[in-house]
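Asks: Sequence below, structure please.
(chains A, B and C)
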Amino acid sequence: MTALVRSWQAYRAISGAWVRAAMAYRASFVALALGQVLTSGPDFIAIVLMFASIDTLGGFGLGEIALLYGLTGLGLGIADLVAGSTEQLGRRVRDGSLDTMLVQPVPALVQVAADQFALRRIGRISQATVVLGWALLHVDIDWNLTRVALLVTTIGSGAVIYLSIYVLGAAFQFVAGDAAEVQNAFTYGGVTLTQYPLTIYPVEVVRAVTFLLPLAFVNWYPALHLLGRDDPLGLPGWVQAASPLAALALAAVAGVAWRGGVRRYRSTGS
Amino acid sequence: MGPWRSEKSARRGAARDLRSRGRCGFRRYATYRLATAAGVFTNSVFGCIICFTYLALWQERPDIGGWDAQDAVTFVWIGQSLLMTVALFGGGFSDELADRIRTGDIAVDLGRPVDLQGWRYAEDLGRSAFHLLGRGVAPTLVGALLFSLAWPANPLTWLAFLGSVALAVTVSFAIRYLIGLGAFWVLDVRGFVVVIGFVQLFCSGMVLPLVVFPAGLETALRLLPFAALIQVPAEVLLEKSTGWGLLAALGSQLGWAVVLLGAGRALTRHATRRLVVQGG
Amino acid sequence: MAADEPAIEVVDVHRTFDVRRRAGRLRRTRQVVRAVDGLSFDVARGEMVGLLGPNGAGKSTTVKMLTGILVPTSGALRVVGLDPAAARTRLARRIGVVFGQRSGLWWDLPLRDSFALLRRIYDVSADRHAAALAEFVELLELGELMDIPVRALSLGQRMRGEIAAALLHEPELLYLDEPTIGLDVVSKGRLRDFLRTINVERGTTVVLTTHDLGDVERLCRRVLVVDHGRLVFDGSLDALRRLDGTTRTVVVDLATSSPQVEVAGAVVTRVDGPRQWLSLPSGASAAPVVAQLAAAYDVVDLAIQEPAIEDVVARLYQRG
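Replies: Here you go, the predicted model:
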């Protein structure tokens, strides 16, 4: 337990130092954050433009799709903010800066995640929050306490799921540093896939993102419950509340993969 | 060696230099095989997702924009193939150019007997050739396996398509060259890169085919050079531009290429003069 | 940990690497590189030893294994009573490392912030940290540099900062990798004085990897020479110099160009105008040679050159 507390303190200290350093260039920070909003924006603008000509896509209206978009965007945004720096692991292995981290009494993953902490990534989070806010105002949801709790836990679970994907990607870079781009297919690809209702995909894809890589738990299953929709796969009702479980399971896998990666690095030296 | 003979061999030497630069550009990108495979995988994943999106869209409105679903799906894979070729997300030489201008190394480049814009263009052509072959063909094959695509039977269409792609690369180069050159006047061109990247994403048709845009918006966007990057070549291959339409399409690309390259040359001359006057 | 237990124990350690090299277009060859090949030595608490050897000898691999970054292929290591591979984070609190090329400081932050960050990372109490910091700031003259970002510091200033950073948590053991490389003479001297001070006053064990003979002469009473992954010498620097087969050189400037001088106990190896180079065995004293020269010839000036460490090591390897 104390190891966890100490890890959190170290993460907070390191990321805090980076935030302070970034704030020294306030104007540049604002520009970069706005740049982030721009780069994460096109997808939703495209959806809005599509809806100039149609009323529903895959059986879902614009507001409902905005809900899906907001939830998954927020999940990735938070994960990117917390641990986006792990994408750089391949570079760290190549230039030896991972060694400097291994010599310090803090878990390497914490250091890799906290290093180059980029508060500007809040740009994506803001953009997703705005869309989510708009969606919640425009969609007809039968609100009760359970649904509110579901919304909150879904955002958390989504963040943990994407976080786990980042860590899995970093572990992969121990083995194949040059192929780091593959990670994008799962992080940004994951967002692109889940921002639309899964009804537009063939059933094999839906099964894959339910049972293989639980991206569907980031937003789809909880959204089905929030919107009172039927599950096209016909899975039992409790699945719609199972996001935290899926998140924990994936996090466990990611943790094992990371530890394996570090062990391999220390046994082979590269 | 007489004077005119040495000039001829100098020109031949310059041409050889440009050719070797093109090959250099190709080789520089070819060494990263694993990275290329990773890129192809990523392109394929995105291509599939977008295909399903468009299929759903066309299911709602089967003839939106005058295209059918198969056109849309083929468009997706043409886009994914051309994505790296026309460097839609920037990168390539324009960052390097901006850096060299910032540090002053550009003086060395400008002092060389080879034309700055010329050899950068040759390098970029090499790079685009690699990206077309290395990262363009493979995702399309994946797409062809998973979806039913509409390929034109007429070999002349393919020829016109290749010409259109070459023009698209030229237009893209001209834009990136101008951005890189911006470092002479603006301290940090990264802001421009992000904004142009965002604009290009929309106006090239990459995010949504221009035909799906509301009519007024579509017309406006087609007036910009960015449509020449993806939308125009794709329409050539999809045989949406035929006869006079084809000539108009290629002509528009050529027009933008000439204008933007010309602007690049003019700015280079202006910047060179400024450098000489200020002493670097 | 008992007071008389060695700080470092290395017992028959091996470390091999599988290097895959591309041979031609498609084939790949596999090569086994023996970076460390049966290394054994002890370092007592409070010692300051120099780790020498040509590039690729296995020095940095050894240090990596001692710090737990790399796991040995076979053999045993004990550092301050711990197994580095198994207890890496626990060990990390008790050691300090200054890497040569890589920085342990945060590039964009002022020195002060780096130190504060390290206090959190090493979980040092505020009092002890403040006390240690005050002492090092004074000894290393960091006072004016505290608010400057690390990237704006000169190499010498940065090196001082790095060493302070490595010592702030008061480790028992300090590894230094080429700490004086690129520094001017004055800075080198000051840094060496500082290292001697912390070794003597705090009893910090120091392992110094270096190519700089000056560092070794001034600081290390004991020298470990590694070559091709093996220990080829373990002793004092003087003993290293006096090894059989190595030679010292006396360079004598005569008043005029002369034929080769004749001196007992030395051989002329080179003549260039009035200057002549004489070679004598390292074990012998140069005094008789100098005396003979002064007595028999018109000597304007002379100098004595010690053998280059590379030559000594090369000779060592040939013997081993």
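Asks: burial of residue 152, as a residue count?
Replies: If you meant another chain, say so; for now it's chain A. The number of residues packed around A:Val152, counting by other CB atoms under 10 Å in any protein chain shown, is 10. Heads up, the C-betas are built off the backbone N, CA and C, glycines and all.
Asks: oops, I was thinking of chain B
Replies: With other CB under 10 Å as criterion, B:Pro152 counts 16.
Asks: Can you verify it is assigned to a helix?
Replies: No. B:Pro152 is assigned coil when assessed by DSSP: H, G, I helix; E, B strand; the rest coil, not a helix.
Asks: Might one say that it is in contact with B:Glu239?
Replies: Yes. Assessed by CB atoms under 8 Å, B:Pro152 is found in contact with B:Glu239 at 5.1 Å.
Asks: what's the nearest residue to whichever residue of the stretch 51-200 of chain A sits closest to chain C if we skip its chain neighbours?
Replies: Going by CB to the nearest CB, chain C is nearest to A:Pro105 of the stretch 51-200 of chain A, at 3.9 Å. Take A:Pro105 and drop its neighbours on the chain: the residue closest to it by CB to CB, 6 or more residues apart in numbering or on different chains is C:Ala92, 3.9 Å away.
Asks: Go ahead and confirm the one you found touches A:Met101.
Replies: No. Using CB under 8 Å, C:Ala92 is not in contact with A:Met101; the gap is 10.2 Å.
Asks: Neighbour count for the two, which is higher?
Replies: Shown here are C:Ala92 and A:Met101; by other CB under 10 Å, C:Ala92 has more neighbours (22 against 18).
Asks: what's the first-to-last distance across stretch A:136-145?
Replies: 15 Å (CA to CA, to the nearest Å).
Asks: average pLDDT across that stretch?
Replies: Regarding stretch A:136-145, the rounded mean pLDDT is 90.
Asks: cool, and stretch B:93-100?
Replies: 83.
Asks: next one: stretch C:224-242
Replies: 86.
Asks: Buried ones in that stretch, by neighbour count?
Replies: C:224-234, C:237, C:240-242 (16 or more other CB atoms under 10 Å in any protein chain shown).
Asks: Get me the contact residues on chain A for chain B.
Replies: With CB under 8 Å from any CB of the partner chain as the criterion, chain A meets chain B at residues A:28, A:31, A:35, A:38-39, A:41-43, A:45-46, A:49-50, A:52-58, A:176, A:178-182, A:184-185, A:188-189, A:192-193, A:196, A:199-202, A:205.
Asks: can you narrow those to ones near chain C?
Replies: Counting by CB under 8 Å from any CB, nothing from the residues of chain A next to chain B sits close to chain C.
Asks: Now list the buried members of those residues.
Replies: A:31, A:35, A:38-39, A:41-43, A:46, A:49-50, A:54, A:57-58, A:178-182, A:184-185, A:188-189, A:192-193, A:196, A:200-201, A:205.
Asks: Show me the residues you listed that map onto helices.
Replies: A:31, A:35, A:38-39, A:42-43, A:46, A:49-50, A:182, A:184-185, A:188-189, A:192-193, A:205 (DSSP state H).
Asks: how about the helices in chain C?
Replies: C:59-67, C:88-92, C:111-122, C:126-139, C:155-167, C:185-202, C:213-219, C:237-241, C:287-296, C:309-319.
Asks: what's the first-to-last distance across stretch C:145-156?
Replies: First residue to last in stretch C:145-156 (CA to CA) measures 12 Å.
Asks: what mean pLDDT would you report for that stretch?
Replies: On average, stretch C:145-156 scores 89.
Asks: starting at the chain centroid, how far to it?
Replies: Put simply, stretch C:145-156 sits 24 Å off its chain's centre (CA atoms, centre = their mean, to the nearest Å).
Asks: residues of it that come out buried?
Replies: Buried residues in stretch C:145-156, defined by neighbour count with 16+ other CB under 10 Å: C:145, C:149-150, C:153, C:156.
Asks: Could you list which of those residues also contact chain A?
Replies: Within those, nothing lies near chain A by CB under 8 Å from any CB.
Asks: how about the residues of chain A near chain C?
Replies: A:6, A:9-10, A:13-14, A:17, A:20-21, A:95-97, A:99-100, A:102-107, A:266-269.
Asks: Can you list the low-confidence ranges for chain B?
Replies: B:1-31, B:91, B:276-280 (pLDDT under 70).
Asks: Identify the residue nearest the geometric centre of it.
Replies: B:Val86 (2.4 Å; CA atoms, centre = their mean).
Asks: rewinding a little: could you pick out the buried ones from the residues of chain A next to chain C?
Replies: Buried among these by 16+ other CB under 10 Å: A:6, A:10, A:13-14, A:17, A:21, A:97, A:99-100, A:102-107, A:266, A:269.
Asks: Going along the chain, name the strands of the stretch 1-150 of chain C.
Replies: C:8-23, C:27-43, C:48-52, C:74-79, C:95-98 (DSSP state E, counting those that start in this stretch).
Asks: could you dump those to TSV with mean pLDDT, distance to chain A and mean neighbour count?
Replies: Listed next are the strands of the stretch 1-150 of chain C as TSV, based on pLDDT from 0 to 100; distance: least, CB to the nearest CB, whole Å; neighbours: other CB atoms under 10 Å in any protein chain shown:
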stretch	mean pLDDT	distance to chain A	mean neighbour count
strand C:8-23	84	6	15
strand C:27-43	87	8	15
strand C:48-52	93	17	25
strand C:74-79	94	12	17
strand C:95-98	94	5	25
